[in-house]
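> When you get a sec, could you give me coordinates for this:
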Amino acid sequence: MTEAVLIKLGWVLAAVVAYGLLRWRLMDATHGFRVRAGREADSWAGDSRVPEHEQRALQGMADRMYRWSTPWLVVMATVVVMLKPSGKFSALTQLLDPEIRGDITRLNARLVFAAVATSPLACLVAGFVLLAGLLVRNSVTALGERLAAVGEAFPRQA
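Take a look at the predicted model:
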């Protein structure tokens with residue numbers, strides 16, 4: 001009986017070690033992407049053409065990029081945003097220049113992917129949520145708007 005328990009504990013320990021190695025490898029492989037997204041977020045957060053609430057949201061996402069809870073907060077925000085009814089998700093409609101609006105929307109999506117890319121399990125869950133949202137909404141544009149809304153859900157820390 002003790003042998004069976006020790007074997008199961010060995011398997012659990014091996015799974016935890018394998019997950020840790022996979023997480024380390026994923027973080028190493030996506031480090032450059034996260035740094036570039038964070039730098040771009042910092043530069044847009046200092047741009048006077050971007051509304052103040054959006055500047056705070058961009059800075060907040062960039063500041064939280066390496067925290068252990070961020071991938072799971074982003075996954076939860078993604079689930080909430082996917083469950084919302086269709087409509088305007090983004091506060092970016094206040095921007096007059098469509099080019100800036102498009103750049104900020106793409107940056108928000110990159111920040112969401114960069115944050116989720118720090119955890120393999122969060123990647124799987126977020127991928128499932130995004131795939132389900134894409135199948136239900138049947139529109140890549142709607143999915144992009146929802147990702148931008150997830151990125152805006154993180155105000156800057158005080």
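
> residues near Leu131, how many?
If you count neighbours by other CB atoms under 10 Å, Leu131 ends up with 11. Quick note: C-beta positions are derived from backbone N, CA and C, even for glycine.

> ok, it to Met82 distance?
10 Å (CB to CB, to the nearest Å).

> How about the contacts made by the spatially most central residue of the chain?
In the chain, the residue lying closest to the centroid (CA atoms, centre = their mean) is Val112, at 2.3 Å. Taking CB atoms under 8 Å, 6 or more residues apart in numbering, we find Val112 in contact with Met61, Val74, Thr78, Leu147, Val150, Gly151.

> Contacts for stretch 18-32 next, please.
Ala114, Ala117, Thr118, Ser119, Pro120, Leu121, Cys123.

> hmm, which of the residues you listed are the buried ones?
Burial by neighbour count, judged by 16 or more other CB atoms under 10 Å, picks out Ala114, Ala117, Thr118, Ser119, Pro120, Cys123 from those.

> For the second one, give me the backbone phi and psi.
Think Ala117. Torsion angles at Ala117 (phi, psi; degrees, to the nearest 10) stand at phi -70, psi 0.

> That one is in contact with Arg34, isn't it?
Yes: the criterion here is CB atoms under 8 Å, and Ala117 meets it with Arg34 at 7.0 Å.

> what two of the contacts of stretch 18-32 are the furthest from one another?
Taking CB to CB as the measure, the contacts of stretch 18-32 span a maximum distance of 16.4 Å, between Ala114 and Leu121.

> helix or strand right after the helix or strand harbouring Arg110?
Using DSSP states H and E, Arg110 sits within helix 98-116. The helix or strand immediately downstream of helix 98-116 is helix 120-137, counting by DSSP H and E.

> mind listing what's buried in that next one?
Buried, per 16+ other CB under 10 Å, within helix 120-137: Pro120, Ala122, Cys123, Val125, Ala126, Val129, Leu130, Gly133.

> now stretch 11-19
Using 16+ other CB under 10 Å, none of the residues of stretch 11-19 count as buried.
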